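Enquirer: 3D model of this:
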Amino acid sequence: MKKLFSLLFVAGALSVMSCGPSAEEAAKMEADAKAKMDSLFNAASAAVTTEVAPDSTATAPDSTAAAH
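Expert: Residues are numbered from 1 along each chain as shown. Model prediction:
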């Protein structure tokens, strides 16, 4: 009897897990993930644009001055 209940429990658990999310739930999860990625992208873009990168050409020595 114990084996029968174990088998039924495993079969029931597998059938519940195999159902997966509905189309509405999948669309909502996808929209949530897209919103999160957009938020992260916007935060990263804002961080990059606020940083001031030094101008590498402003401090470069004139290589032609040493040749003359």
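Enquirer: from now on I want contacts and neighbour counts done on CA atoms only, so please keep to that.
Expert: Noted.
Enquirer: let me know the secondary structure of residue 24.
Expert: Here residue 24 is helix, with the state taken from DSSP: H, G, I helix; E, B strand; the rest coil.
Enquirer: start at 15 instead
Expert: Taking 15 as the first residue, the last one we looked at is residue 38.
Enquirer: from residue 31, how far out is it?
Expert: Look at residue 38 and residue 31: by Cα to Cα, to the nearest Å, they are 17 Å apart.
Enquirer: before we move on, what about residue 44?
Expert: Note on residue 44: its distance to residue 31, by Cα to Cα, is 20 Å.
Enquirer: between the two, which is the more surrounded one?
Expert: Neighbours per residue, other Cα atoms under 10 Å: of residue 44 and residue 31, the larger number sits with residue 44, 12 against 9.
Enquirer: can you tell me the SS state at that one?
Expert: helix.
Enquirer: residues contacting it?
Expert: By Cα atoms under 8 Å, 6 or more residues apart in numbering, the contact list for residue 44 is empty.
Enquirer: gap between residue 63 and residue 50?
Expert: With distances taken as Cα to Cα, residue 63 is found 20 Å from residue 50.
Enquirer: those two: who's more crowded?
Expert: residue 50 (12 against 9).
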